[in-house]
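J.: Please work out how this folds:
(chains A, B, C and D)
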Number of protein chains: 2
Amino acid sequence: MVGIKDVAKRAGVSIGTVSNVVNRPHVVAAATRSRVLSVIEELGYVRDESARQLRAGRSRVMGLLVLDLGNPFFVDVARGAEEAAHAEGLNIITCNSGQRSELEASYLAMFAEQRVRGVLLSPVATSGAALAAFRRSGTPYVFVDRKAPASEASSVSVDDVAGGALAGRHLVETGHRRIAFVNGPAILTQCRDREQGLRSALAGSAAELTVLEAIGLDVSSGRDAGARLLGTSPRPTAVFCANDLLALGVLQAMVGAGVRVPDEMAIVGYDDIEFAGAAAVPLTSVRQPARRLGRTAAELLLAETSDTKPERRAVVFTPELVVRESTRVRR
Amino acid sequence: MVGIKDVAKRAGVSIGTVSNVVNRPHVVAAATRSRVLSVIEELGYVRDESARQLRAGRSRVMGLLVLDLGNPFFVDVARGAEEAAHAEGLNIITCNSGQRSELEASYLAMFAEQRVRGVLLSPVATSGAALAAFRRSGTPYVFVDRKAPASEASSVSVDDVAGGALAGRHLVETGHRRIAFVNGPAILTQCRDREQGLRSALAGSAAELTVLEAIGLDVSSGRDAGARLLGTSPRPTAVFCANDLLALGVLQAMVGAGVRVPDEMAIVGYDDIEFAGAAAVPLTSVRQPARRLGRTAAELLLAETSDTKPERRAVVFTPELVVRESTRVRR
DNA sequence: ACCGGCGTCTGAAACGTTTCAGACCATGCT
DNA sequence: AGCATGGTCTGAAACGTTTCAGACGCCGGT
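T.: Now for the predicted structure:
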């Protein structure tokens, strides 16, 4: 593999000069510069980022660890983060924990060893050995889609309690009295908060609530939950799902069983992913500003790792209800 | 930041011994080992991967560059690749070119500078300056979802011509005579091959073909194409889309315009993503073994970067037609 | 008593960069 | 002519590891 030394020898200059050509072209004479550049071209020299980083002490990449790349919501978060990072000349490497703590731990360890500039983290759980170990490594990080006390780290999140309440109120207002909630794994604060919001909206109404916990937060878990829902009696008239993937699965189960949506079963999802509007019955959903979430988180992290260390912040966005066919009241 | 030297000093041993504790624990006496380990724990030492890699000359991560992470097909490819990489103790960093050549070039340059073990590449175009420059860097790579002559690189792909033909034959057999093809950008060989397969299946039949090129390969491009399709006259009775995202968009346009699917317009998609079965009308689609694609590609790359350099290979999988409601013949 | 071998540890070289103090030269000014 | 200045280049140190030859002490065998 060709290094800076080979280039220097071939061009008849010192390695310092080659380095200058690459990093501070203005300090080297035009003739030398073009000679060196043509040798670089000729030899196909590519600088070694690990040596560069070792010397510089800081890296030019930031890490992003999300809960589930199979969820288009997180893909949008990633897009937003990349926009912000590229604007500053940084690269982002995206990793997918799949909600598995071991994978999360392994990726966090990798980020720390790589000495990335910082990490955008959508954690499985805020407490936990992996996270504690990572904290000790001193790598700066910002929580994404998870609120945290500013004493620990900056965070960018969406108010999940408010989102759950939005869904709950909507269902009560459209006349439902038996409501089910298909929740994801209770380790995730997002899931707990959405349930809490839902409960608060239902309190004081005549509606009664059944809660089902799905195994995962994906379509097939939703199908399972939908099947279970069909077995309950009396059957609820509406179901709120902790995210759109679950909702799509539930919807599939309903359609498969010949249960009409929304007439016999209204459905509300969460995230408002692009597929929600394209579903068998377009889904009512709680929209989150995913891209904005990613962008803001990256910006916060960049600010935090700049020379002027600003205060830690906890940014909270507000979700928004998008009403579609799956909860439309028909006369 | 605490380094190996700090640990050595604190534990009263040489840095060589600390390194041995971390990398070859068996060669150091039990007493020393545990003393060093506790100092490591106490100081929160994390080894610096760039120094390690600089010395070792080889990296422990491989890169994966896909066309569009917004397409669940590629998310599955990524999952498969991660499985294979983790099994060998390697990490994968996934990047998203979004079908933009500049981004592709930028990520390829990053991979080369990082000296990753190798790259799994789903390229925008096989010819092009970026790819040529990358080739010169000497970083091993394997094409994913793109066939290539074994003289250049190994590749893992799915027979897109056969896939297009599957769709075409199915539409002809179900009695369609006016067929539209909503294709993606023609730079992508996948798109060209699917069109070619479709044409070959239609040749000799009485069916006539209209081709529309969509701007992208996503849902909103599909909606646009669907709107255009509605304006053509005489209107086709069936449409084949270059992927499922396009098909979902087209479907949305049909539903929005009150065109019944499949009675007035049959739809066939491509990829068989999980959302295809959950659509307004469950989509007939051409299924590709996405996860297997990723896994095989990673395995090929791993083999290629091992000591025993095996021959380059071009693995081609065969797609499969999944028939659902969107092309069902009703009496 | 001597020697070979083993287990354990040390010290230094090497990896490929960047950076910085200083060397050298030509130029323009006094 | 002498000197300061600025432009250009060099050489060496430093970054944090891993690795390897060698040093040292201890044991068992001859």
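J.: Just the C-alphas of the lowest-mean-pLDDT helix or strand in chain A, formatted as CSV.
T.: Taking mean pLDDT, DSSP states H and E as the measure, helix A:129-137 is the helix or strand of chain A with the lowest mean score, a mean of 89. What follows is helix A:129-137, C-alpha atoms only, in CSV (Å, rounded to 0.1, in the frame of the first residue of the first chain):
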residue,chain,number,x,y,z
ALA,A,129,-24.1,-1.5,32.4
ALA,A,130,-23.3,-0.8,28.7
LEU,A,131,-24.3,2.8,28.9
ALA,A,132,-22.5,3.3,32.1
ALA,A,133,-19.3,1.9,30.7
PHE,A,134,-19.7,4.1,27.6
ARG,A,135,-20.2,7.2,29.7
ARG,A,136,-16.9,6.5,31.4
SER,A,137,-15.1,6.4,28.1
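J.: can the following helix or strand past it be found next to chain B?
T.: From helix A:129-137 onward toward the C-terminus, using DSSP states H and E, the following helix or strand is strand A:141-144. No: judged by C-beta under 8 Å from any C-beta of the partner chain, strand A:141-144 makes no contact with chain B; its nearest approach is 14.1 Å. Yep, even glycine has a C-beta here, placed from its N, CA and C like the rest.
J.: pLDDT averaged over the next helix or strand along the chain from strand A:141-144 - what is it?
T.: Of the helices and strands lying after strand A:141-144 in sequence (DSSP H and E), the nearest is strand A:154-158. Model confidence over strand A:154-158 averages 97 on the pLDDT scale.
J.: what helices or strands is strand A:154-158 leaning on?
T.: Under the contact definition 3 or more C-beta pairs under 8 Å, 6 or more residues apart in numbering or on different chains; DSSP states H and E, strand A:154-158 sits against strand A:141-144, helix A:290-304, strand A:314-317.
J.: Show me which residues of the longest one are buried.
T.: Of all the residues in helix A:290-304, those buried under the rule 16 or more other C-beta atoms under 10 Å in any protein chain shown are A:290-302, A:304.
J.: Ok, the last one next?
T.: Within strand A:314-317, the residues that count as buried by 16+ other C-beta under 10 Å are A:314-315, A:317.
J.: do stretch A:127-142 as well
T.: Applying a neighbour-count criterion of 16+ other C-beta under 10 Å, the buried positions in stretch A:127-142 are A:130-131, A:133-134, A:137, A:139-142.
J.: residues contacting the residue nearest to the spatial centre of chain A?
T.: Centroid check for chain A by C-alpha atoms, centre = their mean gives A:Phe74 as the closest residue, at 3.9 Å. Contacts of A:Phe74 were listed using C-beta atoms under 8 Å, 6 or more residues apart in numbering or on different chains, and they are A:66-68, A:122, A:290.
J.: cool, A:Arg52 as well?
T.: A:Arg52 sits next to B:Glu113 when contact means C-beta under 8 Å, 6+ apart.
J.: picking that back up, out of the buried residues of stretch A:127-142, the closest to B:Phe111 would be?
T.: Sorting these by how near they are to B:Phe111, with C-beta to C-beta, puts A:Thr139 at the top with 22.0 Å.
J.: Spatially nearest residue to that closest one (excluding sequence neighbours)?
T.: Setting aside the residues directly before and after it, A:Thr139 is nearest to A:Ala112 in space (C-beta to C-beta, 6 or more residues apart in numbering or on different chains), at 5.2 Å.
J.: my read: A:Lys5 touches A:Ile15, true?
T.: Yes: the pair A:Lys5 and A:Ile15 qualifies as a contact (C-beta atoms under 8 Å) at a distance of 5.7 Å.
J.: Which stretches in chain A count as strands?
T.: A:61-66, A:91-96, A:119-121, A:141-144, A:154-158, A:178-183, A:208-213, A:238-241, A:266-271, A:284-287, A:314-317, A:320-322 (DSSP state E).
J.: returning to what we had before: okay, the residue nearest to the centre of chain A: pLDDT?
T.: Model confidence at A:Phe74, expressed as pLDDT, equals 98.
J.: repeat for A:Asn243
T.: What the model reports for A:Asn243 is a pLDDT of 97.
J.: quick one: it from B:Gly168, how far?
T.: Distance of A:Asn243 to B:Gly168, computed by C-beta to C-beta, to the nearest Å: 37 Å.
J.: Show the contacting residues for A:Leu90.
T.: Contact analysis of A:Leu90 by C-beta under 8 Å, 6+ apart lists A:60-62, A:117, A:302.
J.: Could you measure from it over to DNA strand C?
T.: With distances taken as C-beta to the nearest atom of the strand, to the nearest Å, A:Leu90 is found 16 Å from DNA strand C.
J.: got it, and A:Val36?
T.: A:Val36 sits at a distance of 12 Å from DNA strand C (criterion: C-beta to the nearest atom of the strand).
J.: swap in A:Ala29?
T.: Using C-beta to the nearest atom of the strand, A:Ala29 is found at 12 Å from DNA strand C.
J.: Can you name the residues that contact that residue?
T.: By C-beta under 8 Å, 6+ apart, no residues touch A:Ala29.
J.: and the gap between it and DNA strand D?
T.: With the distance defined as C-beta to the nearest atom of the strand, A:Ala29 ends up 4 Å from DNA strand D.
J.: With A:Gly138 instead?
T.: Distance check for A:Gly138 against DNA strand D: by C-beta to the nearest atom of the strand, it reads 12 Å.
J.: residues in contact with that residue?
T.: Applying C-beta under 8 Å, 6+ apart, the residues near A:Gly138 are B:1, B:44.
J.: State the pLDDT value of whatever residue of chain A ends up closest to DNA strand D.
T.: DNA strand D sits closest to A:Gly16 of chain A, with a gap of 2.7 Å, by C-beta to the nearest atom of the strand. Among the per-residue scores, A:Gly16 holds a pLDDT of 96.
J.: gap between it and A:Gly63?
T.: 33 Å.
J.: which of the two has more neighbours?
T.: Comparing A:Gly16 with A:Gly63 by neighbour count (other C-beta atoms under 10 Å in any protein chain shown), the higher total belongs to A:Gly63, at 25 against 11.
J.: was I right about the more buried one contacting A:Asn96?
T.: No: using C-beta under 8 Å, A:Gly63 is not in contact with A:Asn96, being 11.8 Å away.
J.: residue ranges of the helices in chain A, please?
T.: Taking DSSP state H as the test, the helices found in chain A are A:4-11, A:15-23, A:30-43, A:49-56, A:72-87, A:101-114, A:129-137, A:160-173, A:189-202, A:219-231, A:244-257, A:290-304.
J.: Is the third one in proximity to chain B?
T.: No: with C-beta under 8 Å from any C-beta as the measure, helix A:30-43 is seen stopping short of chain B, the closest distance being 9.1 Å.
J.: count of neighbours near the residue lying closest to A:Ile40 once chain neighbours are set aside?
T.: Here the nearest residue to A:Ile40 in space, its sequence neighbours aside, is A:Val7; by C-beta to C-beta, 6+ apart that works out to 5.7 Å. Other residues within reach of A:Val7 by the criterion other C-beta under 10 Å amount to 24.
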